[in-house]
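[1] Pasting the sequence and the predicted model now:
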Amino acid sequence: MARIARIEISQIDLFPKRPRSDAIQAFTCQETPVVRIVSDDGADGIGYSYTIGTGGSSVIALLRDHLAPRLIGRDADAIEAIWQDLFWHTHALSVGPLTALALAAIDTALWDLRGRRLGVPLHRLAGGAKEAIPVYDTESGWLHVETPQLVADAQAAAARGFRGVKVKVGKPHLREDVARLEAVRRAIGDGVELMTDANQGFTVAEAIRRAGAFEAAGLGLAWYEEPLPAEDVEGHARLCAATTIPIAVGESLYHPAQFRDYLARHACRIVQVDVARIGGITPWLKVAHMAEAFNVAVCPHYLMELHLPLCCAVPNSAWLEHIPQLDDVTDSRVAIEGGLARASTEPGNGIVWNREAMHRHQAFVPIVIDRA
């Protein structure tokens with residue numbers, strides 16, 4: 001039995017290589033809380049989560065003051081017990097993003113530690129359903145990008161072998177959204193999937209109106225993502241009943257029970273569970289398997305480096321979202337060939353961190369918690 005002897009908490013700040021904007025916000029910085037857990041046999045695991053520029057210090061405070069101290073001396077393999085203990089310890093703050101992001105940093109570190117101690121990669125450790133997953137590109141489709149550049153970027157993504165591209169919607173006028181999507185569809189042809197994402201920007205009536213226009217335009221959309229505020233389960237059920245376009249939700253849900261509500265109400269057709277925002281690998285797997293029981297596909301949001309092995313762990317994963325964000329602080333890269341991302345054979349989570357680079361991007365000196 002390996003017991004947890006030491007915890008290091010830090011934050012690295014990472015900046016997108018190109019501007020990112022959608023219907024409700026701009027993404028200017030990824031604050032990345034990082035947790036390193038060391039067991040008494042000398043093995044270690046690294047986990048992380050993220051914000052899009054706000055709240056990182058709050059996640060760090062929750063880890064430092066309330067969660068990490070409870071880990072010292074615990075059996076590092078009791079991952080489910082630890083997750084449950086930490087969740088209920090902070091239940092007055094749950095369900096919500098700050099608690100989930102803090103839990104995820106710890107939980108992903110524990111899974112990494114287990115895999116590294118056993119010498120087993122995460123996709124095998126968590127299920128081993130497949131070795132590779134189709135990839136779609138998001139970097140070509142931000143809302144602020146003008147149509148000529150949008151088309152050029154989509155064509156470039158298709159030429160690089162991506163099997164799908166995603167375009168943000170939410171322009172002030174419906175016709176603007178349709179025109180952009182039509183231009184991209186003409187450019188990439190019918191052999192590349194076209195996804196669209198509204199980032200919770202519409203009312204129910206407007207979401208239904210735009211879905212009807214997208215259908216009438218014959219765009220063949222793979223999905224219509226986050227058309228409504230995530231808390232509006234009933235609105236999503238109405239939208240699902242009104243359109244044949246698959247409705248995708250999940251990046252703004254923070255507990256498996258929220259996904260249960262969507263699935264039970266037939267309020268989505270694709271689940272986009274985010275490993276950081278759901279609270280780690282432990283609840284991510286529960287959501288993926290629950291979706292499988294409803295015959296619903298999993299196409300997770302963001303964090304491609306962690307989601308690659310998780311997608312390969314479960315049978316009902318359909319797509320991996322390609323948004324590079326860790327390249328500045330890692331020596332590993334997601335291997336893509338023929339439009340498929342292949343799971344790493346590295347033990348643990350499959351991410352090879354560059355400690356020097358991490359140090360350069362640190363927001364503060366790491367916090368150390370140990371038996372002393």
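    That came in fine, so what should we check first?
[2] burial count for Ala363?
    Counted with other Cβ atoms under 10 Å, residues neighbouring Ala363 total 14. The way it works is simple: take the backbone N, C-alpha and C, and place the C-beta from them, glycine included.
[3] got the contact list for it?
    By Cβ atoms under 8 Å, 6 or more residues apart in numbering, Ala363 lies in contact with Ser10, Gln11, Ile12, Asp13, Glu31, Gly56.
[4] that's a strand at the first one, yeah?
    This points to Ser10. Yes - under DSSP: H, G, I helix; E, B strand; the rest coil, Ser10 sits within a strand.
[5] wait, it sits on Pro366?
    Yes - under the criterion of Cβ atoms under 8 Å, Ser10 makes contact with Pro366 at 4.1 Å.
[6] out of the two, which sits in the busier spot?
    Legend: neighbour count by other Cβ under 10 Å for Ser10 and Pro366, higher for Ser10 (22 against 15).
[7] what is the more buried one paired to in the beta sheet?
    Val34 (DSSP bridges).
[8] same thing with Leu320?
    Legend: beta-bridge partners of Leu320 under DSSP bridges are Val135.
[9] right, and it touches Pro300 too?
    Yes - contact criterion Cβ under 8 Å: Leu320 and Pro300 qualify, at 7.4 Å.
[10] anything in contact with each of the two?
    Here Leu320 and Pro300 have His307, Cys311 as joint contacts, going by Cβ under 8 Å, 6+ apart.
[11] Out of these two, name the residue with the larger neighbour count.
    Pro300 (28 against 22).
[12] next SSE after the helix or strand where Val184 lies?
    Assigned by DSSP states H and E, Val184 belongs to helix 174-188. Per DSSP H and E, the first helix or strand lying C-terminal to helix 174-188 is strand 193-197.
[13] Just list what that next one packs against, helices and strands only.
    Judged by 3 or more Cβ pairs under 8 Å, 6 or more residues apart in numbering; DSSP states H and E, strand 193-197 is in contact with strand 164-168, helix 174-188, strand 221-225.
[14] Run the chain-centre distance for the longest one.
    Taking Cα atoms, centre = their mean, to the nearest Å, the mean C-alpha location of helix 174-188 is offset from the chain mean by 26 Å.
[15] Can you list the buried residues in it?
    Across helix 174-188, burial judged by 16 or more other Cβ atoms under 10 Å covers Asp177, Val178, Arg180, Leu181, Ala183, Val184, Arg185, Ala187, Ile188.
[16] And stretch 262-274, by the same measure?
    Here stretch 262-274 shows Tyr262, Leu263, Ala267, Cys268, Arg269, Ile270, Val271, Gln272, Val273, Asp274 as buried, counting by 16+ other Cβ under 10 Å.
[17] would JSON lines of these with distance to Thr138 and secondary structure be doable?
    Rendered in JSON lines, the data for those read as follows (distance: Cβ to Cβ, whole Å; DSSP: H, G, I helix; E, B strand; the rest coil):
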{"residue": "Tyr262", "distance to Thr138": "22", "secondary structure": "helix"}
{"residue": "Leu263", "distance to Thr138": "24", "secondary structure": "helix"}
{"residue": "Ala267", "distance to Thr138": "23", "secondary structure": "coil"}
{"residue": "Cys268", "distance to Thr138": "19", "secondary structure": "coil"}
{"residue": "Arg269", "distance to Thr138": "19", "secondary structure": "coil"}
{"residue": "Ile270", "distance to Thr138": "15", "secondary structure": "strand"}
{"residue": "Val271", "distance to Thr138": "17", "secondary structure": "strand"}
{"residue": "Gln272", "distance to Thr138": "12", "secondary structure": "coil"}
{"residue": "Val273", "distance to Thr138": "17", "secondary structure": "coil"}
{"residue": "Asp274", "distance to Thr138": "13", "secondary structure": "coil"}
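[18] Just give me the closest of the residues you listed to Ala104.
    Within the buried residues of stretch 262-274, the smallest distance to Ala104 is 8.9 Å, found for Asp274 (Cβ to Cβ).
[19] Wait, that closest one touches Tyr302, no?
    Yes - judged on Cβ under 8 Å, Asp274 makes contact with Tyr302 at a distance of 6.1 Å.
[20] Quick check: neighbours shared by those two?
    Joint contacts of Asp274 and Tyr302 (Cβ under 8 Å, 6+ apart) are Glu251.
[21] Which helix or strand in the chain has the lowest average pLDDT?
    One helix or strand of the chain scores below all others by mean pLDDT, DSSP states H and E: strand 20-21, with a mean of 64.
[22] Walking through the stretch 251-372 of the chain, point out its helices one by one.
    Under the criterion DSSP state H, counting those that start in this stretch, the stretch 251-372 of the chain carries helices at the ranges 256-264, 281-293, 304-313, 355-360.
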